[in-house]
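In: Following is a predicted model, sequence given first.
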Amino acid sequence: MTAPLEGLSVVEGTAFVAAPSGGMTLAQLGADVIRFDQVGGGLDHRRWPLTADGVSLYWNGLNRGKRSLAVNLRDPEVTELLSELIARAGNFLTNFPAVGWMSYDQLRSRREDLVMLVITGSHDGTSALDYTINCAVGYPAMTGHPDDPRPVNNVVPAWDLVCGQMAALGLVAADRHRYRTGEGQQVTIALSDVALATVGSLGNLAEAQVNGEVRGRVGNAIYGAFGRDFTTADDRRVMVVAITPKQWRGLLEVTGMGTGGGAPPP
């Protein structure tokens, strides 16, 4: 499969992780993604990690494969041109406030079948970040070593990345709907909804509601399957995982612990 989204044009006005990663995914699949930023750099153009001369590796990583415009967003003539660019592309991805010239009603007045994908923090439109959402769903209370009561947040902005993938899929789905019906639409995805839906799909909500259990910390082990980290003879640390019965039997055999049988222990 090579460039399946070739021919799809998307204008992107975004910042931080979730929305830019969605645009990056679309670009990697062949879409022509045109990103615009304020002259001098957007909200996150200096976010760490940086090179020795101050270039953001983070920003460049999330925006690879896109075309880029540096514009003065305070200039009405510029916003007029951007509005026309969005109308020509037919698709707009943003996590900026969808108000004023950037509102769906304003943009749709130029193109009736416009598809607009908006990412918000919370479902009511208020701000939220990956690391606050992660705390809200309770994962830090399940992360860390059993002998340490302090909650541990995630170093990877997982909810942002999942949300970005959902945004890319949502835009493609809306484009498919337009192809079938001729109708455009605004699709709004809340980061908090993405996290809560994922937690529910993984059974974490049901575990508490149905079983009445509170998930404890297991350190670097894997909950419900065999997974442990070990220190080797040459003082390295390795992670050993055996999820299936076949993997468990292979682990027993290669370590000289016998042929074993059945499923791996939790």
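Out: Done, it's in. Numbering: from 1, shown residues only.
In: what's the single longest helix in this protein?
Out: helix 158-181 (DSSP state H).
In: Tell me where the stretch 151-266 of the chain has strands.
Out: Along the stretch 151-266 of the chain, the stretches classed as strands by DSSP state E, counting those that start in this stretch are 185-190, 226-231, 237-242.
In: Give me the buried positions along the first one.
Out: Of the residues in strand 185-190, those scored as buried under the neighbour-count criterion (16 or more other CB atoms under 10 Å) are 185, 186, 187, 189, 190. All C-beta spots, glycine's among them, are computed from the backbone N, C-alpha and C.
In: Show the pLDDT at the fourth one.
Out: For residue 189, the pLDDT comes out at 98.
In: ok so, going back, and of the strands of the stretch 151-266 of the chain, who's closest to residue 145?
Out: Between residue 145 and these, the shortest separation by CB to CB is 11.2 Å, and it involves strand 226-231.
In: Partner strands of that closest one and their direction?
Out: Paired with strand 226-231 in the same sheet, following DSSP bridges, are strand 237-242 (antiparallel).
In: doesn't residue 143 make contact with residue 152?
Out: Yes - under the criterion of CB atoms under 8 Å, residue 152 makes contact with residue 143 at 4.2 Å.
In: Can you pick out the residue with more neighbours from these two?
Out: Ranked by neighbour count (other CB atoms under 10 Å), residue 152 and residue 143 place residue 143 first, with 17 against 14.
In: Is it correct that that one is in contact with residue 218?
Out: No - taking CB under 8 Å as the contact criterion, residue 143 and residue 218 are not neighbours in contact, 9.3 Å apart.
In: quick one on the thing from earlier: quick check, nearest of the buried residues of strand 185-190 to residue 245?
Out: Set against residue 245, the nearest of these by CB to CB is residue 189 (38.9 Å).
In: quick one, domains of this structure?
Out: Domain ranges of the chain: 9-201, 220-266, per automatic domain parsing.
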